[in-house]
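Colleague: Make a model of this:
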Amino acid sequence: MRIYEPKSAEEIKAESNFPIWKPGVYDFEIRTAEDTISKNGNDMLKLTVDVYDDEGRKQTIFDYLLESVAYKLRHCADACGLSKQYENGQLDAIEFEGKTGKCKVNIQKDKTGQYPDKNGIADYLVDETPKTEARTVKRAPVGGGAGSRVADMDDEIPFSPCND
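Modeller: Sure thing, here's the model as predicted:
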């Protein structure tokens, strides 16, 4: 019984469901975070990070934060609004879950040649936009379609209790 069609490494790479993204800055959301221990016995945060491109496509990247890579741990805490917890030595993995921001994505090459190239997170970027500044959010038009002047509509609807 044959349940597969043999393929070359090049064919598999070409058909991969996980195409390599260009290095650059992408939006991220931390889906899960857990305290764990590295292969060398050091405390580590294991993050499951959803990274999004400009077209809304998603890629999941696993990232590992260790004290030995202090800049990345600090930058991730800062990008997630957890600077005070970091400075107080009170970072808990659960606090990272659901946090969003921007990160630098790179391409990681396996030095042994055993595994294919993959994307990784090189660093996390702190949003320097003042928190009091309104941000512009692109949204689909609401009602009326193209050319609609929904903003000019009178949305003062009088209250009318229902009498049954």
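
Colleague: Regarding stretch 78-92, how distant is the last residue from the first?
Modeller: 14 Å (C-alpha to C-alpha, to the nearest Å).

Colleague: Three-state assignment for residue 113, please.
Modeller: Of the three states, residue 113 takes coil under DSSP: H, G, I helix; E, B strand; the rest coil.

Colleague: For it, give its distance to residue 92.
Modeller: 38 Å (C-beta to C-beta, to the nearest Å). Glycine gets a C-beta too; all of them are placed from N, C-alpha and C.

Colleague: If you count surrounding residues, which of these two has more?
Modeller: Neighbour count, other C-beta atoms under 10 Å: between residue 113 and residue 92, residue 92 has more, with 12 against 7.

Colleague: which residues touch the more buried one?
Modeller: Residues in contact with residue 92 (C-beta atoms under 8 Å, 6 or more residues apart in numbering) are 35, 85.

Colleague: Residue 29 now?
Modeller: So residue 29 contacts 49-50, 52, 98-100 (C-beta under 8 Å, 6+ apart).

Colleague: Pairing partners for it in the sheet, please.
Modeller: With DSSP bridges applied, residue 29 shows beta-bridge pairing to residue 50, residue 100.

Colleague: any idea where the strands of this structure begin and end?
Modeller: Counting by DSSP state E, the chain has strands at residues 24-37, 43-52, 58-66, 100-108, 118-125.

Colleague: Check the offset of the fourth one from the chain's centre.
Modeller: Spelled out, that is strand 100-108. 8 Å (C-alpha atoms, centre = their mean, to the nearest Å).
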